[in-house]
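**Student:** I need the structure of the sequence given here:
(one chain, ligands or ions: 3)
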Amino acid sequence: MVSDFRKTKLLHIFNAFFDVDRNGYVDKNDFQVAAGTIATLRGWKQGDTTYNLLEENLLAIWTGLQGHADKDNDGKVSQDEWIQLWDDFAKNPESSKEWQDLLCRCIFQIEDSSNDGSIDCEEFSSVHASFGLDKQESIDAFKKMAAGKESITWPEFQELWKEYFITEDKDAPGNFIFGCFLCGLHKHSH
Ligand SMILES: [Ca+2]
Ligand SMILES: [Ca+2]
Ligand SMILES: [Ca+2]
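**Tutor:** Ligands and ions are numbered 1, 2, ... in the order given. Now for the predicted structure:
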């Protein structure tokens, strides 16, 4: 059984970052739209090497995700399939699949726009804003995640990433790696 707390976190990333076209599923089109969103944020044009590399990586992630999570083979990943996938990951994060490691690294690289090996508050909140999340809420989330530090390094990011999927502790810094996961909930309930 996945606790309501962890389910809320998993559905937060499903809705905020993966089901980009909002059709209730994660599918290939979401990754193509996401590539466009990120490229626009960075000022990359279709045909640029950087754009092609990004698209290639995102489609490789989609292929891995689909092969791993799409149990009923309908070409899309439902919320239930998504929750099952990350619950399996949480049970044994050290044996994560290649595409999951690539996903983690891609998110880090997308957020580290200065390419200096760490993510600061501005980089973090800008990427989140391009996905339609509230910038100030992401700034607040960054502060909780970084716990007083200016930036998050790649080794720190990997630990926070795992913590997001595993922890039941509401105060754990890893809860905030995808922004303010409870904020959307508050908004919808009012
Ligand atoms: Ca979708
Ligand atoms: Ca499916
Ligand atoms: Ca940086």
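**Student:** tell me the residues of this protein that contact ligand 3?
**Tutor:** By CB under 5 Å from the ion, the residues of the chain that approach ligand 3 are 112, 114, 116. In short, each C-beta sits where N, CA and C put it, glycine included.
**Student:** does anything pack onto the host helix or strand of Phe31? Which helices or strands?
**Tutor:** For Phe31, the host element (DSSP states H and E) is helix 28-42. Judged by 3 or more CB pairs under 8 Å, 6 or more residues apart in numbering; DSSP states H and E, the packing partners of helix 28-42 are helix 49-69, helix 121-130.
**Student:** so Val20 touches Ala35, yeah?
**Tutor:** No - assessed by CB atoms under 8 Å, Val20 is found out of contact with Ala35, at 9.8 Å.
**Student:** give me the spatial nearest neighbour of the closest residue to ligand 3 within the chain, chain neighbours excluded.
**Tutor:** For the chain and ligand 3, the shortest gap (CB to the ion) falls at Ser114, measuring 3.8 Å. Spatial nearest neighbour of Ser114, chain neighbours left out: Glu123 (6.8 Å); criterion: CB to CB, 6 or more residues apart in numbering.
**Student:** which residues does the one you found contact?
**Tutor:** 111-114 (CB atoms under 8 Å, 6 or more residues apart in numbering).
**Student:** top of these by number of neighbours, please.
**Tutor:** Within the contacts of Glu123, most neighbours by other CB atoms under 10 Å means Asp112, with 21 neighbours.
**Student:** tell me the pLDDT at that residue?
**Tutor:** At Asp112, the model reports a pLDDT of 97.
**Student:** what of the one 4 residues further on?
**Tutor:** Note on Asp116: pLDDT of 97.
**Student:** cool, and Leu182?
**Tutor:** At Leu182, pLDDT is 76.
**Student:** do His190 as well
**Tutor:** 36.
**Student:** wait, a helix at Asp72?
**Tutor:** No - read with DSSP: H, G, I helix; E, B strand; the rest coil, Asp72 is coil and lies in no helix.
**Student:** helix or strand: which one has the nearest residue to it once chain neighbours are set aside?
**Tutor:** Spatially, and ignoring its direct neighbours in sequence, Asp72 is nearest to Glu81 (7.7 Å; CB to CB, 6+ apart). For Glu81, the element it lies in under DSSP H and E is helix 79-91.
**Student:** neighbours around Lys162, how many?
**Tutor:** Based on other CB under 10 Å, the number of other residues close to Lys162 is 18.
**Student:** give me the element it is part of.
**Tutor:** helix 154-166.
**Student:** quick one: that helix to helix 79-91, angle?
**Tutor:** Going by axes from the mean of the first three to the mean of the last three CA atoms, to 10 degrees, helix 154-166 is angled at 120 degrees with respect to helix 79-91.
**Student:** return helix 154-166 as PDB; C-alpha atoms alone will do.
**Tutor:** Only the C-alpha atoms of helix 154-166 are listed here, as PDB (Å, rounded to 0.1, in the frame of the first residue of the first chain):
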ATOM      1  CA  TRP A 154      24.700  16.800  -8.300                       C
ATOM      2  CA  PRO A 155      25.400  14.400  -5.400                       C
ATOM      3  CA  GLU A 156      23.000  16.200  -3.200                       C
ATOM      4  CA  PHE A 157      20.400  16.200  -5.900                       C
ATOM      5  CA  GLN A 158      20.600  12.500  -6.300                       C
ATOM      6  CA  GLU A 159      20.000  12.000  -2.600                       C
ATOM      7  CA  LEU A 160      17.100  14.400  -2.500                       C
ATOM      8  CA  TRP A 161      15.600  12.700  -5.500                       C
ATOM      9  CA  LYS A 162      15.600   9.300  -3.800                       C
ATOM     10  CA  GLU A 163      14.200  10.800  -0.700                       C
ATOM     11  CA  TYR A 164      11.300  12.300  -2.600                       C
ATOM     12  CA  PHE A 165      10.000   8.900  -3.600                       C
ATOM     13  CA  ILE A 166      10.800   7.100  -0.300                       C
END
